[in-house]
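*Asks:* kindly return the folded structure for what I paste below:
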Amino acid sequence: MNDNHFKFSNAVIGLPVFFVLFIWVVYWAQIRFDFDFYQHGVYPREFSGLQGVLFSPFIHENLGHLYNNSIPLLVLLAAMQYFYPRQTFGVITFGILFSGLITWIIGRENYHIGASGLIYVLVSFIFFKGIQTKYYRLVALSLSVILLYGGMIWYVFPDVDQSISWEGHLAGFITGFGIAMFYKTPEYTKPIVYDWQKPDFNPEEDAFMKHFDENGNFVNTEIPEEEPENSSTYFNSDVSVHYIITKSDEEDK
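*Replies:* Numbering: from 1, shown residues only. A predicted model of the protein is given here:
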């Protein structure tokens, strides 16, 4: 694994901008032509409510709801497209489908709308996949996402705010975790293979390994230099010390 896997492309900016622009156009059409898009949201355990599995992420109640979802979508979709370009389309598609289906199963009898379910899918996927890969850049991305959006975890519980679709949030979080476990990314988990692990490795030709014998003992392969005639050798344990005796001018006199 190396940094060459992460390459900037136009899609890093284009995908999030297009997605957010689309949901803003849908909201503009809703208020401009007075369309009642709410009935196309997820309505749990009703057959007609299944249409919301596809349509609900693009429907929002008001400007505040739309704005609160737009900023995270821009950030998370850009991160997905840059760090996980091969998985982005699948995560978005399956994330919308499965989070919508889970919401349809467990949700309260009301219309569930908004892209927050998809946001939870993206946060969950990025966090768990980064931890799973153990690659330092993706782990750093996981921690960054937690720092930015870690507080969202409280909104998967029913007692925090009854006015929001905590079921959609919980469904998105579960879906993101499931997709992260399902998608295999061997290019991120490929182990480092050292030279000595390769089958064609010959220790006799290796500059480092040639200093050791077959039992792992160090072998001095350097050719010893000839000792000067006026030198003496002292041995202290296994270490030999050579010194040369020289005469000063006074001694010669």
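
*Asks:* from here on, just use CA atoms for contacts and neighbour counts.
*Replies:* Noted.

*Asks:* tell me the pLDDT of residue 162.
*Replies:* Looking at residue 162, its pLDDT reads 80.

*Asks:* part of a strand, is it?
*Replies:* No - with DSSP: H, G, I helix; E, B strand; the rest coil as the criterion, residue 162 is located in coil rather than a strand.

*Asks:* residue 66 versus that one, what's the distance?
*Replies:* 19 Å (Cα to Cα, to the nearest Å).

*Asks:* residues contacting residue 45?
*Replies:* Residue 45 sits next to 104-105 when contact means Cα atoms under 8 Å, 6 or more residues apart in numbering.

*Asks:* then residue 123?
*Replies:* 76, 145-146, 149, 173, 176.

*Asks:* show me the shaky parts of the stretch 151-253 of the chain.
*Replies:* 185-197, 200-253 (pLDDT under 70).

*Asks:* select the longest helix from the protein.
*Replies:* helix 10-32 (DSSP state H).

*Asks:* right, and the helix or strand after it?
*Replies:* Following helix 10-32 in sequence order, the next helix or strand is helix 52-55 (DSSP states H and E).

*Asks:* the helix or strand that comes right after that next one: how far from the chain's middle?
*Replies:* Next in sequence after helix 52-55, counting helices and strands by DSSP H and E, comes helix 63-83. Centroid separation between helix 63-83 and its chain, computed with Cα atoms, centre = their mean, to the nearest Å, is 17 Å.

*Asks:* right, and residue 143 touches residue 127 too?
*Replies:* Yes - under the criterion of Cα atoms under 8 Å, residue 143 makes contact with residue 127 at 7.2 Å.

*Asks:* neighbour-wise, which of the two wins?
*Replies:* Neighbour comparison, residue 143 and residue 127: the larger count goes to residue 127, with 23 against 17 (by other Cα atoms under 10 Å).

*Asks:* and for the closest residue to the more buried one other than its chain neighbours, the neighbour number?
*Replies:* Spatial nearest neighbour of residue 127, chain neighbours left out: residue 142 (4.3 Å); criterion: Cα to Cα, 6 or more residues apart in numbering. Around residue 142 there are 20 other residues, counting by other Cα under 10 Å.

*Asks:* give the contact list for residue 142.
*Replies:* 126-128, 130-131.

*Asks:* domain assignment for the protein?
*Replies:* 3-189, 195-252 (automatic domain parsing).

*Asks:* which of the ones you listed sits most buried?
*Replies:* The highest average neighbour count among the domains of the chain, using mean count of other Cα atoms under 10 Å, belongs to domain 3-189 at a mean of 18.

*Asks:* still on that earlier bit, got the CA coordinates for the longest helix of the chain in PDB?
*Replies:* C-alpha atoms of helix 10-32 as PDB (Å, rounded to 0.1, in the frame of the first residue of the first chain):
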ATOM      1  CA  ASN A  10     -12.600  15.900 -10.800                       C
ATOM      2  CA  ALA A  11     -15.100  13.500  -9.200                       C
ATOM      3  CA  VAL A  12     -13.700  14.400  -5.800                       C
ATOM      4  CA  ILE A  13     -15.400  17.800  -6.200                       C
ATOM      5  CA  GLY A  14     -18.000  17.000  -8.800                       C
ATOM      6  CA  LEU A  15     -19.700  14.100  -7.000                       C
ATOM      7  CA  PRO A  16     -20.500  15.900  -3.700                       C
ATOM      8  CA  VAL A  17     -21.400  19.200  -5.500                       C
ATOM      9  CA  PHE A  18     -23.700  17.400  -7.900                       C
ATOM     10  CA  PHE A  19     -25.400  15.400  -5.200                       C
ATOM     11  CA  VAL A  20     -26.000  18.400  -2.900                       C
ATOM     12  CA  LEU A  21     -27.100  20.600  -5.900                       C
ATOM     13  CA  PHE A  22     -29.600  17.900  -6.800                       C
ATOM     14  CA  ILE A  23     -31.300  17.800  -3.400                       C
ATOM     15  CA  TRP A  24     -31.400  21.700  -3.400                       C
ATOM     16  CA  VAL A  25     -33.100  21.600  -6.800                       C
ATOM     17  CA  VAL A  26     -35.600  19.100  -5.500                       C
ATOM     18  CA  TYR A  27     -36.300  21.400  -2.500                       C
ATOM     19  CA  TRP A  28     -36.600  24.400  -4.800                       C
ATOM     20  CA  ALA A  29     -39.200  22.600  -6.900                       C
ATOM     21  CA  GLN A  30     -41.100  21.600  -3.800                       C
ATOM     22  CA  ILE A  31     -41.600  25.200  -2.600                       C
ATOM     23  CA  ARG A  32     -41.700  26.800  -6.100                       C
END
